[in-house]
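Enquirer: Got a predicted model here, sequence first, then my questions.
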There are 4 protein chains.
Amino acid sequence: MSGKREQTKQANKQAILDAARDVFVKLGYGATTVRDIIRATDLASGTFYNYFKSKEEVFQAISDENAIRVRPRLRAERIRARTVEEFISGTFRTFFDYAADDRRTFAVIRRNADTMRVRMDTPEIIAGFDELRADLLTAIDAGLFPPVDADYLMASMVGVAFEIAEYMLARDPIDPSAAADFATALFLGGLKALPTATISREPANA
Amino acid sequence: MSGKREQTKQANKQAILDAARDVFVKLGYGATTVRDIIRATDLASGTFYNYFKSKEEVFQAISDENAIRVRPRLRAERIRARTVEEFISGTFRTFFDYAADDRRTFAVIRRNADTMRVRMDTPEIIAGFDELRADLLTAIDAGLFPPVDADYLMASMVGVAFEIAEYMLARDPIDPSAAADFATALFLGGLKALPTATISREPANA
Amino acid sequence: MSGKREQTKQANKQAILDAARDVFVKLGYGATTVRDIIRATDLASGTFYNYFKSKEEVFQAISDENAIRVRPRLRAERIRARTVEEFISGTFRTFFDYAADDRRTFAVIRRNADTMRVRMDTPEIIAGFDELRADLLTAIDAGLFPPVDADYLMASMVGVAFEIAEYMLARDPIDPSAAADFATALFLGGLKALPTATISREPANA
Amino acid sequence: MSGKREQTKQANKQAILDAARDVFVKLGYGATTVRDIIRATDLASGTFYNYFKSKEEVFQAISDENAIRVRPRLRAERIRARTVEEFISGTFRTFFDYAADDRRTFAVIRRNADTMRVRMDTPEIIAGFDELRADLLTAIDAGLFPPVDADYLMASMVGVAFEIAEYMLARDPIDPSAAADFATALFLGGLKALPTATISREPANA
DNA sequence: GATGAATGAGAATTCATTCAT
DNA sequence: TATGAATGAATTCTCATTCAT
């Protein structure tokens, strides 16, 4: 299971994943072909099929790899939360920290092409949304949250998280903490609770 | 200008757009080919190219058509707004009404493929985001809004609008008013201002 | 036959021929399409077919137009010739003068593309070759020429004329007289009769 | 390097070249499509593109293959030449021998289509012209030739060689020796040095 | 398992030509 | 006659996938 053979196998698989991530970011998912991915490795075309069935599968593997990495952290934050504040701020903080850390992979699912902007949610990511929803329901049951529409609340958190992340990553320096503060304040107190800022007139370009 | 010739041209162009919208919804943008679109019309393959250069162009035409239709309405709402409440609620109400009305087109840009969920923002849509941002800045200048981070606030509104719309459209009956109330309350007062609801345990499937 | 209608017809036909000549020179015969020719006029595509059946026909019309223009001159020179010298020098002189005058059209049949060099002989041009051959036979019969292989002599004259013309047109200034002198001397006395020249080491690039 | 794989590759490439040559001769370069070439092999369409990018590339490969074969022979003749006679006669003799030997390939670059006659010179052929020009300059420097216009002399030899070859190949029997004698005599002594012949009144049809 | 050439279905696109206006 | 959009056959070319080595 961990002989030399096994090592090569792992190395090949990883080489494909790494190459694919780069190519997806560069060309976009739609325009990427299996050939493009292979060309970005030093493997032969046939070898690809020893590891993946299609570019879809590679894409999911990359995307899942990350969802799987961040989901448990998000869960842990929410389970540990004793107050609404902790639930909300823990979730956003973890998410933005992760997005900042792993922004190359983030770029795979959230791509700004020449003209179009695309966001792709894989099953694993969507499962993360369901998890959030379930945790919200649990929190409502526990009396932590008022009995609000859990779908819409989940949707709101997801929408704010992904959309702000986009603009956060376009800034220099990248400041996940500020992003988390903003989102948290919004959810806890609405507009009037938001941190005030020096306003920039530059056009946003995420 | 309105001879039989001109009429036929308009009809053909519209036939392609209609067919394309259907095919995009059915197969997803990525999987759709120009051939698929042509096959869904009763036109000859060459005719497609008299009107569009590629499926990208058709997609943009469809997407833009709608952005162009809803953007002025959104602007009007925001310009008319005399209070924060009007600004926020007017924006969401208009957006969700539009999404409910034109949900077929909405499905084109926000599509649930076999497994993946994709959202695509065309330049025209993105221009709508910039417009919102500009209006927020104006409102801040006018003292209507506190001086908050306009990019993040715009991002939050966009994220919440698109994400809630998704779940709203999955419900029966579709209730844009409730969606608008939810989003508005969130932005005006945060979580504790949200309308309470009878909680459904069914999994959300947007 | 010469009403306004007739004038327009002639003008249209000429417009097509002119445009075609330009396009043939620019793109080469092979790469040129009927659409390219039409685009270079301000006529509609259908109009083309009122005048020509295909690009082949246009090409031939252009090529023939010229062959028809120069062939009688060549004939006249040869018929008038009372000596071998007059026959040879008259032929070359007329040919090179024509090539220099009408070099734009000459470029249509003798094109230097990026990499390849192409020469195309239309039936009208080939008929000109046959005419030369016939005149040579007449001259042999008349005792003007020795009884040599008329085909090969004709071929030699044609080969020398077209090939030298190529290089002549690449020079600045273009000197048809020098070209004619060279070719004439070669045919009358061979190498040792050739005019001596200051030798240029620059690579020839015809 | 010479496994079964490598053998198959060579065989496939050659099969394409052979098929292409046949098709070019049959249909003419202009009318030939990549499909035509593929159809003339028993390979799959995609295979063509493993070896060549376009019909242009195949054409050049065929044409170059031959230019490369004959050029060294021509050079050798000219370098070995100790007199003008040897230079001229060696060049023509070698050229006409080659044309007679390899007349199938010769037909590719000098083709009589339905109506038009086309001659195409690829870069490799043109390089052969430059080589001749360089050798002429060397010979002039060496005092072998008088200081004549090397471009025009080269052009004359090329023109005569290709044009006579055309008619030579149309005869039965094909007699490269006679062709060489004719061309050599022309260049050495002009018209009056040409071999006399029994005159045929049949129209030449090259 | 790795290789990489062969495969051939099928996608995009062009283009000559027609024909209703 | 002129127009120019529609036509659809035909062509180029790509690409996922297979399979002999």
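Expert: Thanks, I have the structure now. Numbering: from 1, shown residues only, chains lettered A, B, ... in the order given.

Enquirer: Please verify my assumption that residue A:43 contacts residue A:15.
Expert: Yes: here residue A:43 reaches residue A:15: they are 6.7 Å apart, a contact under CB atoms under 8 Å. For the C-beta atoms, the positions are set from N, CA and C on the backbone; glycine is no exception.

Enquirer: For residue A:160, which residues are in contact?
Expert: Applying CB atoms under 8 Å, 6 or more residues apart in numbering or on different chains to residue A:160 gives the contacts A:183, A:186, A:187, B:155, B:156, B:159, B:160.

Enquirer: With respect to DNA strand F, which of the residues you listed is nearest?
Expert: DNA strand F lies nearest to residue B:159 out of the contacts of residue A:160, by CB to the nearest atom of the strand, at 32.0 Å.

Enquirer: residue contacts, that closest one?
Expert: Per CB under 8 Å, 6+ apart, neighbours of residue B:159: A:156, A:158, A:159, A:160, A:161, A:162, A:163, A:164.

Enquirer: of these, buried ones?
Expert: A:156, A:158, A:159, A:160, A:161, A:162, A:163, A:164 (16 or more other CB atoms under 10 Å in any protein chain shown).

Enquirer: what residues does chain A put near DNA strand E?
Expert: A:5, A:8, A:9, A:12, A:42, A:43, A:44, A:45, A:46, A:47, A:50 (CB under 7 Å from any atom of the strand).

Enquirer: Remind me which helix or strand the third one belongs to.
Expert: Think residue A:9. helix A:4-27 (DSSP states H and E).

Enquirer: same for that helix, what does it pack against?
Expert: helix A:34-39, helix A:55-80, helix A:103-109 (3 or more CB pairs under 8 Å, 6 or more residues apart in numbering or on different chains; DSSP states H and E).

Enquirer: Neighbours of residue A:9, how many?
Expert: 13 (other CB atoms under 10 Å in any protein chain shown).

Enquirer: how much space is there between it and chain D?
Expert: 25 Å (CB to the nearest CB, to the nearest Å).

Enquirer: now do residue A:190
Expert: From residue A:190 to chain D the distance is 61 Å (CB to the nearest CB).

Enquirer: Same check on residue A:56?
Expert: For residue A:56, the distance to chain D equals 23 Å [CB to the nearest CB].

Enquirer: Near that residue, how many other residues are there?
Expert: 16.

Enquirer: The closest residue to residue A:103 other than its chain neighbours sits in which helix or strand?
Expert: Using CB to CB, 6 or more residues apart in numbering or on different chains and skipping residues adjacent in sequence, the residue nearest residue A:103 is residue A:169, 5.3 Å away. Residue A:169 is part of helix A:150-170 when elements are defined by DSSP H and E.

Enquirer: Which phi and psi values does the closest residue to DNA strand E within chain A adopt?
Expert: Closest residue of chain A to DNA strand E, CB to the nearest atom of the strand: residue A:46 (1.7 Å). When read as degrees, to the nearest 10, the backbone of residue A:46 gives phi -60, psi -30.

Enquirer: okay, and the helix or strand of chain A with the least pLDDT?
Expert: Ranked by mean pLDDT, DSSP states H and E, the helix or strand of chain A with the weakest confidence is strand A:110-112, at a mean of 82.

Enquirer: do that one and chain B meet at all?
Expert: No: on the criterion CB under 8 Å from any CB of the partner chain, strand A:110-112 is out of touch with chain B, staying 9.1 Å away.

Enquirer: pull the longest strand from chain A.
Expert: Secondary structure of chain A per DSSP state E: the longest strand is strand A:117-121.
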